[in-house]
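> make a model of this:
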Amino acid sequence: MMINNGIQSVASVYATTHATPARRTKAAEHPQADSPAFMVSSEARSFSDMLQELQGMNDIRQDKVAAIQQQITAGTYGPSSSDVAAKLLDTRF
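Next comes the predicted model:
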């Protein structure tokens, strides 16, 4: 059995003898001074505004935390075991 069969021919395909340098195009050498670098669409601005607003928001909903704290203090908080299991599986998978 020949394990070495064809390895040289495959290796020669991937071998590089010399690299060609990158060339600049005329447009890249002389950019137009009056053209903007890029333009942002109104949708992109709107998305950016929404993203900044969401990043500024607090992840903790204080109204829900306060309500659950009151239920715990009063001894009336009792989530069902199936709800707890479902939430654990939702966060795991």
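> in the lengthiest helix in the chain, what counts as buried?
Under DSSP state H, the helix in the chain containing the largest number of residues is helix 42-56. For helix 42-56, burial by neighbour count (16 or more other Cβ atoms under 10 Å) applies to no residue. From N, CA and C alone the C-beta is placed, and that goes for glycine too.
> which SSE is immediately downstream of it?
helix 62-74 (DSSP states H and E).
> which other helices and strands contact that next one?
Here helix 62-74 touches no other helix or strand, going by 3 or more Cβ pairs under 8 Å, 6 or more residues apart in numbering; DSSP states H and E.
> tell me which other helices or strands the next helix or strand after it touches.
Once helix 62-74 ends, the next helix or strand along the chain (criterion: DSSP H and E) is helix 81-92. Using 3+ Cβ pairs under 8 Å, 6+ apart, no helix or strand is in contact with helix 81-92.
> make 33 the starting number, not 1.
Renumbered: residue one is now 33, and that last one reads helix 113-124.
> for helix 113-124, which outside residues touch it?
Residues from elsewhere that reach helix 113-124 (Cβ atoms under 8 Å, 6 or more residues apart in numbering): none.
> which positions in that helix come out as buried?
Buried residues in helix 113-124 (16+ other Cβ under 10 Å): none.
> distance between the ends of stretch 86-101?
26 Å (Cα to Cα, to the nearest Å).
> now that stretch: average pLDDT?
Per-residue pLDDT values over stretch 86-101 give a mean of 88.
> kindly report the same for stretch 109-117.
pLDDT averaged over stretch 109-117 gives 91.
> go on, stretch 54-68?
62.
> which elements pack onto the longest helix of the chain?
Identification of packing neighbours for helix 74-88 by 3+ Cβ pairs under 8 Å, 6+ apart yields no helix or strand.
> which residues are in contact with it?
With Cβ under 8 Å, 6+ apart, helix 74-88 has contacts from residue 72.
> and the gap between residue 81 and residue 90?
18 Å (Cβ to Cβ, to the nearest Å).
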